[in-house]
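>>> Any chance you can model this:
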Amino acid sequence: MREVASLEELQQLAELLDIVYYEVSGRRSDGFDQPDDDTEEESGDDHADIQLMQRMEGNRLAVRTRALVVTSEGRMVADVAAVFRTREPVRIPAAIAKRFAAVIATPVTRPYVREAIHQSAVKLGIEAPLLSVLDLEEIGLLPSVSEHDPHP
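Numbering: from 1, shown residues only. Reported below is the predicted structural model:
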């Protein structure tokens, strides 16, 4: 089995095959209390928790972005995967797979996640939260400020 040597090589080999939704859900905070409600997010602060997962099987690489957004008005979840395919099965070193997920796949899934969160809020009749755009410095597409500024 061929081993991928760089992010650039994987980017050339991987073709976007599909976008898959694993979960899209929303729940208002007001209304009737239900005994089964999980109270995991009772902090009172608006926040977003975003997770990135990846899986390689044969010649398919799936990268999932899951966002949990909690506001004072409700709770929304969007879990979306970008599925890529290579022409042949390849072995991808962990560091390259992680970089591919952050730099290539996340920008693909992010608009779908944002749209799902927004649509859930609209359907619930609550204010739609805005997820920030990708931080290009955080995923390494731009050098950090500390690398530019010799005087922090």
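>>> Show me which strand runs longest in the chain.
For the chain, the longest strand by residue count, based on DSSP state E, is strand 15-28.
>>> elements contacting that one?
Contacting strand 15-28 under the criterion 3 or more C-beta pairs under 8 Å, 6 or more residues apart in numbering; DSSP states H and E are the following elements: strand 60-70, strand 74-85, helix 106-124. (Glycine included, C-beta is placed from N, CA and C.)
>>> so which of the ones you listed comes closest to Ser29?
Using C-beta to C-beta as the measure, strand 74-85 is the one of the helices and strands packed on strand 15-28 that comes nearest Ser29, at 5.3 Å.
>>> helices or strands next to that closest one in the packing?
Right, strand 74-85 is packed against strand 15-28, strand 60-70, helix 106-124 by 3+ C-beta pairs under 8 Å, 6+ apart.
>>> Report the inter-axis angle for the following helix or strand past the first one versus strand 15-28.
Okay, so that is strand 15-28. Using DSSP states H and E, the helix or strand that follows strand 15-28 in sequence is strand 47-57. Angle, strand 47-57 to strand 15-28, by axes from the mean of the first three to the mean of the last three C-alpha atoms, to 10 degrees: 150 degrees.
>>> All set now, cheers.
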